[in-house]
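[1] Give me a 3D structure for the following:
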Amino acid sequence: MIKSHDSNEPHIVSPSLGLDYPANCPNLLSGYIYINPNNPFRQDYVLSWLFLCLYVIDGHETTKIFDKAYVNWSKGDLLVIPYQIQRLEHFILDETTFHYAQGRILLKYR
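    As a prediction, the model looks like this:
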C-alpha cells in the first residue's frame, strides 16, 4: 500500500485517475513473452497499465514507442515505457524472449 509521506494514511490516487471510488495502490503483473522469428508483435492494451518494463532475455531488434520513436534493444537491455495511448509494435527477426512487468491500479471498493 502506498502511504502518504506525511501520515500513515493510504495515499488515494483516485482523483488523478478520474475515478469516483477509492484507488490506493498499484498492482504489479509480470510474466514472459516469447516471440517467433519474423513475427510482428503488437501490444494493444496500453491504456490498462501505468508503466511497462521489458527485460530482454534473448534476442535483439526494434520497438516502436509513441508515434514516431524507435528504440533498438538487445539481450540484457531493460526498456521502461511510461503510460501511453498508442500500442507498442515490436519488429522481430530473431527468436526473442522478454520478461515483462507492468503496473496496474489495484482498486479498493467500498
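[2] looking at this structure, which helix or strand does the model trust least?
    For the chain, the helix or strand with the lowest mean confidence is helix 14-17, at a mean of 70 (criterion: mean pLDDT, DSSP states H and E).
[3] What is that one packed up against?
    Counting by 3 or more CB pairs under 8 Å, 6 or more residues apart in numbering; DSSP states H and E, the packing neighbours recorded for helix 14-17 are strand 23-35. For the C-beta atoms, the positions are set from N, CA and C on the backbone; glycine is no exception.
[4] List the buried residues of whichever helix or strand comes after the strand it packs on.
    Proceeding C-terminally, strand 23-35 gives way to strand 41-43 as the next helix or strand, assigned by DSSP states H and E. By 16 or more other CB atoms under 10 Å, the buried positions in strand 41-43 come out as Phe41, Gln43.
[5] what pairs with the helix or strand that strand 41-43 is followed by, and is each one parallel or antiparallel?
    Beyond strand 41-43 in the direction of the C-terminus, DSSP H and E gives the next helix or strand as strand 51-58. For strand 51-58, sheet partners with direction are given as strand 78-82 (antiparallel), strand 96-107 (antiparallel), following DSSP bridges.
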